[in-house]
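J.: This is a predicted model, with the sequence first.
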Amino acid sequence: MAKKSKNTKKSRFGNPAKAAADAAAKTEARSAADARLDRAMTALSSGFVDWLEAQSRPDTSIDVSLAILDDFFDMYRIIEPHADPTNLVPEAVYEVMDVTADANPLGVLTLRSGVNDYVSYLAQASLWTGTPEDLAAVRAELVRTDAPETLDGAHLTDADGPDGGDFEFADIFIPELSPEDLVAAAQHSPLWLNTLALLDWVGDGRELGPDGKITDQEQAAAVISHSGFKRFTNAQNNNTAGQHGADRLAFYWEMLAANSIITVADNKICVADGAPQQDDTDDIAHTMSNLLGYYVFSVILADAVDDDLEDWQNAMAGWLSSAASATPPAAAVLLHALEEPEEDPAAYYTAEYIARWAEEGLVTLDEHLLVPPAWRADVYDILHDDFPIQAVGPGAEAGQ
């Protein structure tokens with residue numbers, strides 16, 4: 001009889017045959033649980049799609065919502081192996097959100113918003129099978145208005161890790177709009193309305209003082225009265241209305257001069273030949289595109305905080321591209337930071353900066369942070385050369 005080799009190692013799993021059988025049983029059980037979850041989600045998805053359509057969600061947005069649910073349950077089922085999609089375990093939902101926030105602070109906002117839609121559907125359709133207490137706990141997590149630990153000030157202003165190198169930017173969704181749609185959007189934009197108000201105020205020219213500035217600064221600043229964000233809160237370093245108005249006016253002068261809309265002649269600031277013709281729709285669209293491009297460049301590519309230029313640019317471009325995507329992020333964390341500035345000064349600074357975008361109409365800041373459809377092509381044109389951002393949607397396809 002051949003001798004057993006002395007080098008034969010004892011399996012660290014004990015009896016190899018028993019270990020193999022146990023592993024097979026676990027795999028079979030896991031596969032069965034996954035199959036049950038998949039069947040349940042297939043049965044639920046048609047009703048969820050109908051619910052989203054009833055809210056006038058576009059097809060692309062619905063597709064993204066379903067993809068978000070797939071991503072969520074791919075993580076959730078690891079934490080909760082016997083997952084019931086109509087009875088989510090609050091602790092498991094918390095853990096999914098925390099893990100996502102660690103990997104991508106912006107991504108967790110989209111994930112929260114998408115899963116919140118799904119849970120709202122379950123509740124409204126009387127399909128939730130868990131306890132009312134669990135439903136309340138899950139919803140509280142998905143619509144939290146407190147800045148979560150992984151969305152503190154540092155994360156709000158960081159892209160993805162300290163260097164922002166691995167950050168994944170959202171695709172910008174561009175709908176197909178008519179020229180009339182674009183002109184109508186321009187004519188209602190604070191950026192456009194304030195420009196016209198300033199040009200009307202300048203009239204035949206306004207005298208400059210010895211310092212080269214308008215002598216009537218306060219009156220000029222008061223002209224810029226149009227705002228897309230009435231809840232705007234002043235930054236800590238610009239905490240007076242007068243200072244904020246002066247800063248805003250200085251930016252408008254700079255923007256209009258850079259676009260050859262105003263000029264200086266004979267110690268006067270005057271309306272330039274390049275000023276838009278208000279009865280020319282092509283000129284309105286062209287001028288608004290230039291103004292918007294200059295504004296995006298100024299607030300994303302030519303601005304920074306504490307000299308940390310690359311991280312700041314990545315973070316701000318991430319917020320803006322996410323706001324222009326098919327699934328814009330919930331605005332709760334930003335609004336909370338604005339309402340409670342002393343709770344987290346760093347988060348407040350970021351939220352206040354984004355609120356300035358809303359003030360000029362680059363975004364709306366309500367239930368979600370949203371770039372209006374009319375501006376998305378311009379946002380993409382400005383950002384895509386400097387950031388790995390893609391354009392999707394019928395408007396992007398039409399422009400190719």
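T.: The structure has been received and is ready for your questions. Model, not experiment: these values are computed from the prediction.
J.: doesn't Cys270 fall inside a strand?
T.: Yes - judged by DSSP: H, G, I helix; E, B strand; the rest coil, Cys270 forms part of a strand.
J.: Report the spatially nearest residue to Ser225, omitting neighbours in sequence.
T.: Spatially, and ignoring its direct neighbours in sequence, Ser225 is nearest to Ala197 (7.1 Å; Cβ to Cβ, 6 or more residues apart in numbering). Placement of C-beta: from N, CA and C, glycine included.
J.: ok, that neighbour to Asp344 distance?
T.: According to Cβ to Cβ, to the nearest Å, Ala197 and Asp344 sit 36 Å apart.
J.: Which secondary structure state is assigned to the closest residue to Gly130 other than its chain neighbours?
T.: Closest residue to Gly130 apart from its sequence neighbours, by Cβ to Cβ, 6+ apart: Asn87 at 3.7 Å. Secondary structure assignment for Asn87 (three-state DSSP): coil.
J.: Hmm, Asn87 is touching Pro132, no?
T.: No - contact criterion Cβ atoms under 8 Å: Asn87 and Pro132 do not qualify, at 11.7 Å.
J.: picking that back up, for the residue nearest to Ser225, what are its contacts?
T.: Neighbour list for Ala197: Val223, Ile224, Ser225, His226 [criterion: Cβ atoms under 8 Å, 6 or more residues apart in numbering].
J.: now with 10 Å?
T.: Ala197 makes contacts with Pro190, Ala220, Ala222, Val223, Ile224, Ser225, His226, Tyr252, as judged by Cβ atoms under 10 Å, 6 or more residues apart in numbering.
J.: In which helix or strand does it reside?
T.: Assigned by DSSP states H and E, Ala197 belongs to helix 190-202.
J.: Report all helices and strands that the helix or strand just after that helix contacts.
T.: Sequence order places strand 206-207 as the next helix or strand after helix 190-202, per DSSP H and E. Applying 3 or more Cβ pairs under 10 Å, 6 or more residues apart in numbering; DSSP states H and E, one finds that strand 206-207 makes contact with strand 268-271.
J.: Go through the strand it packs on and flag the buried ones.
T.: Residues Ile269, Cys270, Val271 are the ones in strand 268-271 that count as buried (16 or more other Cβ atoms under 10 Å).
J.: Equivalent analysis for stretch 248-263, please.
T.: Here stretch 248-263 shows Arg248, Leu249, Phe251, Tyr252, Met255, Leu256, Asn259, Ile261, Ile262, Thr263 as buried, counting by 16+ other Cβ under 10 Å.
J.: what does stretch 389-400 give?
T.: Neighbour-count burial for stretch 389-400 flags Ile389, Ala391, Val392, Gly393, Gly395, Ala396 (criterion: 16+ other Cβ under 10 Å).
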